[in-house]
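**Q** Curious how this folds, go ahead:
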Amino acid sequence: MNEERFTAETKKIQSVIAKASQKAGALSALSDGGKMNLEKLQLTLEETAYFFESATLYLRALCETQMPGAGGYGRRDGLEFQLPSGHIEIAGAGWVHMQLDTLLPHCRYMPATWLTDTVRQLLSAYMQHTNFRLHFKQMLLVIDEHSDVDGRHVFDQDNKGWKAVSNALKGLVIDDDDQYHLSVHMMSSRSAENVCHISLVLPESAEEFFQYHQKGIAYNPLEPSVSSCSSTSFQLV
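**A** Below is the predicted model of the structure:
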């Protein structure tokens, strides 16, 4: 263990948690009769989530870099078993398919860092497991949310939640996320699943993808899935 780096990282985590607690305190004040306009409330909610999420991601990185699997901390008695945060495989007629076991976040002010991290972990886990380098010169990104929640507005122009998905791709499986390299299609379906499907499709396969989607077979796997599960992963709805 690198003690100097460990100390620096734990101080950073403590600092972020302190900011999260401060924001959470402002929210707690509302239950005691405090008042806050809706814009301020949404900003405070997003800031609170952002700091807690950041602390979780810093801790996840600390676990991986300082003690990668040593000691079996993920298997201790008393830790509740968590479902995988998602899985990835080649599906349909040959496109990359990911399923996230959660819904996309509503956020107008702060980036959804946990979502970017989860998508990148899935892609990295797949490439490591299959020893196959995913890289696209051009790509169609299809985001398909399945939900039974009323009043979902995650695809509104002022929401930044879904953009965390495209941010995760840049520099990992595609060089740039501009309009000439990456096209985005967003859709949603009524479903009791409450999951989000993400597909990476070659432009020349776009027509075939939507034909498969209409038939309900676009996400049928062509190979065993690679799952991402971490003792520090979490879900947000």
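
**Q** tell me which strands and helices the helix or strand that contains residue 10 is in contact with?
**A** Secondary structure assigned from DSSP states H and E places residue 10 in helix 3-31. Contact analysis of helix 3-31 by 3 or more C-beta pairs under 8 Å, 6 or more residues apart in numbering; DSSP states H and E lists helix 38-66 as its packing neighbours. In this view, the C-beta of every residue, glycine as well, is placed from N, C-alpha and C.

**Q** mind listing what's buried in the helix holding residue 10?
**A** When neighbours are counted by 16 or more other C-beta atoms under 10 Å, the buried residues of helix 3-31 are found to be 9, 13, 16-17, 19-20, 23-24, 26.

**Q** and the residues you listed as CSV, adding pLDDT?
**A** As requested, the buried residues of helix 3-31 are exported to CSV (pLDDT from 0 to 100):
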residue, pLDDT
9, 88
13, 93
16, 92
17, 93
19, 92
20, 92
23, 90
24, 91
26, 88
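
**Q** Return the member of those nearest to residue 139.
**A** Proximity of the buried residues of helix 3-31 to residue 139 was ranked by C-beta to C-beta; the top entry is residue 16 with 33.1 Å.

**Q** contacting residues for the closest one?
**A** By C-beta atoms under 8 Å, 6 or more residues apart in numbering, residue 16 lies in contact with 51, 54-55, 58.

**Q** Now it. Nearest residue, chain neighbours left out?
**A** Taking C-beta to C-beta, 6 or more residues apart in numbering, and ignoring the residues beside it in sequence, residue 16 has residue 55 as its nearest neighbour in space, at 4.5 Å.

**Q** So residue 150, which state does it fall into?
**A** coil (DSSP: H, G, I helix; E, B strand; the rest coil).

**Q** If you count contacts, what does the helix or strand of the chain with the lowest mean pLDDT end up packed against?
**A** Using mean pLDDT, DSSP states H and E, the weakest-scoring helix or strand in the chain turns out to be helix 38-66, at a mean of 82. With contacts taken as 3+ C-beta pairs under 8 Å, 6+ apart, helix 38-66 sits against helix 3-31, helix 113-130.

**Q** What are the buried residues along that helix?
**A** 43-60, 62-63.

**Q** do the same with stretch 128-148
**A** 134, 136, 139-147.

**Q** Over to stretch 92-109?
**A** 92, 95-107.

**Q** and which of the residues you listed is nearest to residue 194?
**A** Top of the list for closeness to residue 194, among the buried residues of stretch 92-109 and by C-beta to C-beta, is residue 103 at 5.7 Å.

**Q** and the closest one, what does it touch?
**A** Listed by C-beta under 8 Å, 6+ apart, the contact set of residue 103 reads 145, 147, 149, 152, 154, 194-196, 236-237.

**Q** ends of stretch 95-106, how far apart?
**A** Taking C-alpha to C-alpha, to the nearest Å as the measure, stretch 95-106 stretches 27 Å from start to finish.
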